[in-house]
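Undergrad: A structural model of the following input is requested.
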Amino acid sequence: MSATPAGLPPRFLRTPEAARFLGLSGRTLEKHRTYGTGPAYRKLGGRVVYSLEDLQSWADLGAKSSTADPGRGTVLPAKRHEGLPPAHAGRAGR
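TA: Sure thing, here's the model as predicted:
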């Protein structure tokens with residue numbers, strides 16, 4: 001189900017707004033983009049924007065009901081992880 005009311009276009013947030021929505025700093029969200037561990041984002045010209053639905057879906061990956069609950073997924077910290085290529089891999093030569 002969409003997070004926006006019927007008839008309205010999806011809402012996009014810039015990095016500072018998206019960070020506030022998630023309770024993170026803007027710098028942490030930037031690091032997540034660099035390491036490929038954060039929510040999906042879009043580039044519109046030179047601007048980075050996040051949809052509310054993508055932010056909510058990413059945050060929901062960390063939902064747990066107890067410490068023993070494996071949950072639906074894992075929200076990784078904003079740092080390099082073994083097995084994950086850097087978000088900018090494959091851009092060389094552009």
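Undergrad: thinking Arg72 is in contact with Lys64, fair?
TA: No: in this structure Arg72 lies outside contact range of Lys64 using C-beta atoms under 8 Å: 9.0 Å. Quick note: C-beta positions are derived from backbone N, CA and C, even for glycine.
Undergrad: need the contact list for the residue positioned nearest the centre of the chain.
TA: Nearest to the mean C-alpha position of the chain, by C-alpha atoms, centre = their mean, lies Pro39 at 1.5 Å. Taking C-beta atoms under 8 Å, 6 or more residues apart in numbering, we find Pro39 in contact with Ala18, Leu22, His32, Tyr50, Asp54, Leu55, Ser57, Trp58, Ala59.
Undergrad: So the last one sits against Ala18, correct?
TA: Meaning Ala59. No: using C-beta under 8 Å, Ala59 is not in contact with Ala18, being 10.7 Å away.
Undergrad: If you count surrounding residues, which of the two has more?
TA: Ala18 (23 against 15; other C-beta atoms under 10 Å).
Undergrad: so the more buried one sits in a helix?
TA: Yes: applying DSSP: H, G, I helix; E, B strand; the rest coil, one finds Ala18 inside a helix.
Undergrad: quick one: it and Ala68, what's the gap?
TA: 31 Å (C-beta to C-beta, to the nearest Å).
Undergrad: List the buried residues in the strand or helix carrying Glu30.
TA: In this assignment (DSSP states H and E), Glu30 forms part of helix 26-35. Within helix 26-35, the residues that qualify as buried are Leu29, Glu30, Lys31, His32, Arg33, Tyr35, counting by 16 or more other C-beta atoms under 10 Å.
Undergrad: Reformat these as JSON lines; add distance to Phe12 and pLDDT.
TA: Compiled in JSON lines, the buried residues of helix 26-35 are given as follows (distance: C-beta to C-beta, whole Å; pLDDT from 0 to 100):
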{"residue": "Leu29", "distance to Phe12": "14", "pLDDT": "94"}
{"residue": "Glu30", "distance to Phe12": "17", "pLDDT": "94"}
{"residue": "Lys31", "distance to Phe12": "21", "pLDDT": "91"}
{"residue": "His32", "distance to Phe12": "17", "pLDDT": "91"}
{"residue": "Arg33", "distance to Phe12": "15", "pLDDT": "92"}
{"residue": "Tyr35", "distance to Phe12": "22", "pLDDT": "87"}
